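1. everything below, folded, please.
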Amino acid sequence: MNNKKLLLIILILFIISRIIVHLFGIYPNLLFGYWQTLHYKLLSDDLIRSLIYLHSEPILWNLLLGLSLKIFKQDHQLMSYFFYFYHFILSFLIIYYSIQIADFFKSTFKVKFLLSIFLIFSPNLVYYENWIFYSHSTCFLFFQLTYFLLQFFKKNEFKYEVLIYLNLLLLTLLWKLFHPLIIFLFFILLHKNFKFNKSFLIFLLFFIISITPIIKNKIIFGFFSNGSLIGLNLAQTIPSKIDSRFFDNDKKFNDCTFSITKEDENNYFIEFSKNRNELNHPSLIGELSEKNNLGGIYKSKKCILIFVDYIKKHPLLWLESRFINILISHGKLAIDHGYSPLNWNKVKLSFLVNFIKSNIFLKYFQATLLIMYMLTIYIFIIYKILFSSEKNYIKKSFICIFSLYCYLLFVGHLFNGWEQERFLYTGFVLQVIFINFILKKLFKKNE
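-> Numbers count the residues shown, from 1 in each chain. Model (predicted):
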C-alpha cells in the first residue's frame, strides 16, 4: 500500500480520535499571562510597537497571538478553536513526516502504520496539541527539519538547504533557547569549507535575519541577547533552590524571582542610563507590561552576577544539581506539567499518570524505566552514527539532528530551571526513529 492510502487511513483515525478526545471535554484554554506572552490588550491595540518593544522573548509566538486577536476580534473562544485547528494540522504533519522519515529506512507498511498509531494515541501529542504554547510548533519543526536533512544529504539539492535554514530561523524566532549561532553551527555541519558561493550567501541571509532582534535589543534597551530574562532563568538553577545545605548567609538568590517591582523598573533607568520619556510604552512599564517590564532587564543582569558568584563558590554542587535535574526530567512524562488543557486531569487519558504520582514505589519504578528508555535511545543513535553500516547521508542527518537535540537538552537544562519535560517532547523525533527500528526488527519480512 502506498503512502497516500496510508495517510488517508491515518487521517480518518486521527480525526475520529480527536473527536473522542473533544467529547471528553479536553480542548485548549486560551490564557494570557504566561511570562512568554504580552498582555492581550497590547497585542490587540498596538501590535507592531508592542512587538518592537518585546525584549523578554523572540517575537514569533506573540506575533501569531496578536494576528489571531485581530482576525477574531478578541473572541478568545474562537481563538482557542483556531489554535486547536492549527495544532491539529501540526500533529498530522508530524505523523506525515514520521512516515516520510520511515521511508528512508525502508520500513514496511506495518511499521509505518504502527508508528502512526503510536503517535495518534500518544498522550504527549494530545497534551501539547491542546496547550496553547509554542512547544507544539517547535516539535513540528524538529520533525520537518529531520526530513529536510535526510533529503539534503541524499540529494544535495539547494532547496532543502534553504528549507533547513528557514526551519532554524523559525526556531530562533520562536524560543529564545535557540540562539542564532545554531544557524552558524549548521552551516559548519552542512559544508566542509567556507567557499563564497550561493550556500554561503543563503546562510548569511538567514543568520542576519536571526540576529536582528538581538541588535534591536542592544540599540533600544542596552543588552545584547535574544531574551532579557536569562539571569532569572539562570537563578532557578542555583542548587540552594532545592537543598537547604547550599544556602549562603546572604541568600541573595531569593531576589531572583519573576516578580518584577516598581523599584526594579526605576533601577533599570539608572543602571542603563535610559530616558524614561523615550521608553514609556505600556508594554515596558505599568500594569500591562507584566514580565516584559523594563525592571526585568535590570533584575536579570543583577541575577547573572549572583549566578556567577554562586558558580565560583560551588561549581561541583551546581553541576551535581544540573545532572540530577537532567535525570529527573528523563524520568518524567512530558505531560507531567503545571499547566494543562481544560479537563485534562478529569478524564481517563491522565488517570494512569495521577495513579503513578500518588504511589511512591510506582513513581520511582516509572522514573527508572523512562530513564533507561531515553538512555537506550541516545546509545542507539550514537551507535548508528559511529558504528553502523547505515548510508552516509543517514549518518550525516543523524549527526545534525542529534547535535541540535543535545544543544536543546543540555543547554536547556544548564540555563533553565524548570519545565524540563518540554525539552524531551521537542526531541520526540528521536523516539520515533528509535521505535521505527524496533518495529522493523519485529516485522523483518518485506511486503
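
2. go through the chain and flag its longest helix.
-> helix 76-104 (DSSP state H).

3. report the buried residues of that one.
-> 79-80, 82-84, 86-88, 90-92, 94-102, 104 (16 or more other CB atoms under 10 Å). Where you see a C-beta, it was placed from the backbone N, CA and C, and this is true even at glycine.

4. output the below-cut-off pLDDT ranges for the stretch 51-200 of the chain.
-> 193-194 (pLDDT under 70).

5. where do the helices sit along it?
-> For the stretch 51-200 of the chain, the helices defined by DSSP state H, counting those that start in this stretch cover 60-71, 76-104, 109-120, 123-129, 135-155, 158-174, 181-190, 198-221.

6. tilt between the longest helix of the chain and helix 109-120?
-> 150 degrees (axes from the mean of the first three to the mean of the last three CA atoms, to 10 degrees).

7. for helix 76-104, packing partners?
-> Under the contact criterion of 3 or more CB pairs under 8 Å, 6 or more residues apart in numbering; DSSP states H and E, helix 76-104 touches helix 3-23, helix 60-71, helix 109-120, helix 123-129, helix 135-155, helix 428-442.

8. can you give me how far the shortest one is from the chain middle?
-> Think helix 123-129. Relative to the centre of its chain, helix 123-129 is centred 14 Å away, using CA atoms, centre = their mean, to the nearest Å.

9. tell me which other helices or strands that helix touches.
-> helix 76-104, helix 135-155.

10. relative to helix 428-442, how tilted is the longest one?
-> To tie it back to what came earlier, the one meant is helix 76-104. 40 degrees.

11. quick one: helix 76-104 to helix 3-23, angle?
-> Using the same axes, to 10 degrees: helix 76-104 against helix 3-23 is 150 degrees.

12. tell me how far helix 76-104 lies from the chain's centre.
-> Offset of helix 76-104 from its chain centre (CA atoms, centre = their mean): 16 Å.

13. the last one now?
-> Helix 135-155 sits 14 Å away from the centroid of its parent chain (CA atoms, centre = their mean).

14. that helix: which residues count as buried?
-> Buried, per 16+ other CB under 10 Å, within helix 135-155: 135-154.

15. isn't residue 207 up against residue 182?
-> No - with contact defined as CB atoms under 8 Å, residue 207 does not reach residue 182; the gap is 9.7 Å.

16. need the helices and strands packed on helix 123-129 in a markdown table (columns: distance to residue 200).
-> Converted to a markdown table, those look like this (distance: least, CB to CB, whole Å):
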| stretch | distance to residue 200 |
| --- | --- |
| helix 76-104 | 28 |
| helix 135-155 | 16 |
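
17. need the helices of the stretch 51-200 of the chain in TSV with distance to residue 318, can you?
-> Shown next, in TSV, are the helices of the stretch 51-200 of the chain (distance: least, CB to CB, whole Å):
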stretch	distance to residue 318
helix 60-71	30
helix 76-104	36
helix 109-120	37
helix 123-129	30
helix 135-155	26
helix 158-174	27
helix 181-190	23
helix 198-221	27
